[in-house]
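1. Build the 3D model from these lines:
(one chain, ligands or ions: 2)
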Amino acid sequence: MSISVHNLSKTYGNQKAVDSISFSVNKGEILGFLGPNGAGKSTTMKMLTCYLPPSAGTASVCGLDIIHQPIAVKQKIGYLPENNPLYYDMYVKEFLEFAWHINGMKTPNNSQQKIKNSIELVGLQVEQHKKIGQLSKGYKQRVGLAQALIHEPEVLILDEPTSGLDPNQLADIRQLIRNLAKEKTIIFSTHIMQEVQAVCDKVVIINKGKIVANDTADNLQNMLSNETLVEVEFENAIAVDALKEMPQIHAVEKISDTHFVLHGKQSKLLRKAIFEFAVQKNNPLLLLKEESKSLEEVFHQLTGKQ
Ligand SMILES: Nc1ncnc2c1ncn2[C@@H]1O[C@H](COP(=O)(O)OP(=O)(O)OP(=O)(O)O)[C@@H](O)[C@H]1O
Ligand SMILES: [Mg+2]
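-> Residues are numbered from 1 along each chain as shown. Ligands and ions are numbered 1, 2, ... in the order given. Predicted coordinates for the structure are as follows:
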């Protein structure tokens with residue numbers, strides 16, 4: 001277990017920003033941390049990176065306790081904070097060298113090689129001679145990622161690493177995150193559902209400080225859909241009443257004499273029943289396509305439209 005969180009809480013005044021959350025991340029996994037604005041994502045990340053002390057509960061990173069071993073924990077973690085704080089008057093390489101030193105890396109001989117590696121890893125080569133303040137937003141974001149990677153940490157905690165990137169950069173950074181996960185454990189927060197589906201092994205959805213879901217992206221989608229819709233097309237015309245003979249089907253939408261959308265509950269049972277039905281009626285099935293709920297709808301369902 002690379003990250004283990006147990007009943008972690010943070011109270012600001014009388015507000016419970018994080019309310020007794022527990023989850024874990026295995027080595028090599030990417031956990032997507034999802035939730036509406038103000039849900040408590042950044043606060044959780046600040047506690048895991050030992051930037052803020054928890055009000056209650058515990059957590060460990062690579063077996064090290066965040067309360068009792070904060071320095072050792074920080075050495076294991078690369079952190080990209082929310083809003084990517086950077087020194088705009090520094091040059092890219094100068095800043096990365098600074099990041100190398102403040103991470104306590106004591107072998108300056110190979111710092112240049114490590115800086116070069118991190119620049120290449122995040123695709124900063126063409127912009128590496130500029131001042132940070134002169135870079136576009138996406139490239140500033142890459143500098144933020146490079147500083148999180150410079151000391152080759154085992155764990156990456158990235159608070160909205162893809163916010164404000166154009167679609168090409170988005171694809172690049174997602175690919176980078178996936179590549180990094182071959183060797184590292186990653187938690188990243190985002191508001192983009194497709195990103196979670198594209199990148200993550202696991203999803204934790206948090207709302208008003210509490211975890212409302214903790215599962216794989218696929219499972220979440222299946223589990224939370226009250227209804228499954230399956231689009232079907234048969235070779236020969238078929239009556240709606242005949243389709244309703246299947247007990248798994250709750251409703252039928254007719255598109256044409258051969259083409260329908262069938263409503264049922266459990267996707268797998270429904271699809272199996274449709275296949276068996278087609279065989280029994282000797283009416284070849286030309287199309288059998290599940291229209292699943294998007295993770296976005298699942299998110300709305302769990303967190304309530306704001
Ligand atoms: N230093 C602070 N003092 C008081 N309240 C705070 C502080 N930091 C955060 N909060 C409150 O805690 C709650 C959770 O904030 P947090 O920044 O963790 O949310 P988030 O999930 O990261 O949201 P976003 O998606 O907008 O970044 C919010 O209601 C916020 O106002
Ligand atoms: Mg935040």
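2. from this protein, which residue is nearest to ligand 2?
-> Residue nearest to ligand 2 within the chain: residue 42 (3.1 Å; CB to the ion). In this view, the C-beta of every residue, glycine as well, is placed from N, C-alpha and C.
3. For that residue, give me phi and psi.
-> Taking degrees, to the nearest 10, you get phi -60, psi -40 for the backbone angles of residue 42.
4. go on, residue 124?
-> According to degrees, to the nearest 10, residue 124 has phi -100, psi 10.
5. Nearest residue to it in space, please, no chain neighbours.
-> residue 142 (5.0 Å; CB to CB, 6 or more residues apart in numbering).
6. how would you label the one you found: helix, strand or coil?
-> Three-state assignment for residue 142 (DSSP: H, G, I helix; E, B strand; the rest coil): helix.
7. That one: how many residues sit nearby?
-> 27 (other CB atoms under 10 Å).
8. repeat for residue 189
-> Look at residue 189: counted by other CB under 10 Å, it has 24 neighbours.
9. my guess is it meets residue 37, correct?
-> No - in this structure, residue 189 is not within contact of residue 37 by CB atoms under 8 Å, at 11.2 Å.
10. show me where pLDDT drops low in this protein?
-> For the chain, the stretches flagged by pLDDT under 70 are 105-109, 221-226, 292-295, 305-306.
11. Got the domain ranges for the protein?
-> Split into domains by automatic domain parsing, the chain comes to 3-215, 223-297.
12. possible to save these as CSV with distance to residue 304?
-> Listed next are those as CSV, based on distance: least, CB to CB, whole Å:
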stretch, distance to residue 304
domain 3-215, 7
domain 223-297, 12
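13. Most tightly packed of those domains?
-> Of all the domains of the chain, domain 3-215 carries the top mean neighbour count, a mean of 18, counting by mean count of other CB atoms under 10 Å.
14. Quick check: end-to-end length of it?
-> 16 Å (CA to CA, to the nearest Å).
15. give me the element the most centrally placed residue in the chain is part of.
-> The residue lying closest to the centre of the chain (CA atoms, centre = their mean) is residue 32, at 2.3 Å. Using DSSP states H and E, residue 32 falls within strand 30-34.
16. Just the CA atoms of that strand, as PDB, please.
-> Output of strand 30-34 as PDB, limited to C-alpha atoms (Å, rounded to 0.1, in the frame of the first residue of the first chain):
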ATOM      1  CA  ILE A  30      -3.400   6.400 -10.500                       C
ATOM      2  CA  LEU A  31      -6.200   7.700  -8.300                       C
ATOM      3  CA  GLY A  32      -8.500  10.400  -9.700                       C
ATOM      4  CA  PHE A  33      -9.700  12.700  -7.000                       C
ATOM      5  CA  LEU A  34     -13.000  14.200  -8.100                       C
END
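17. which residues touch it?
-> With CB atoms under 8 Å, 6 or more residues apart in numbering as the test, strand 30-34 has contacts from 3, 23, 25, 41, 44-45, 177-178, 181, 186-191, 193, 195-196, 199-206, 217, 299.
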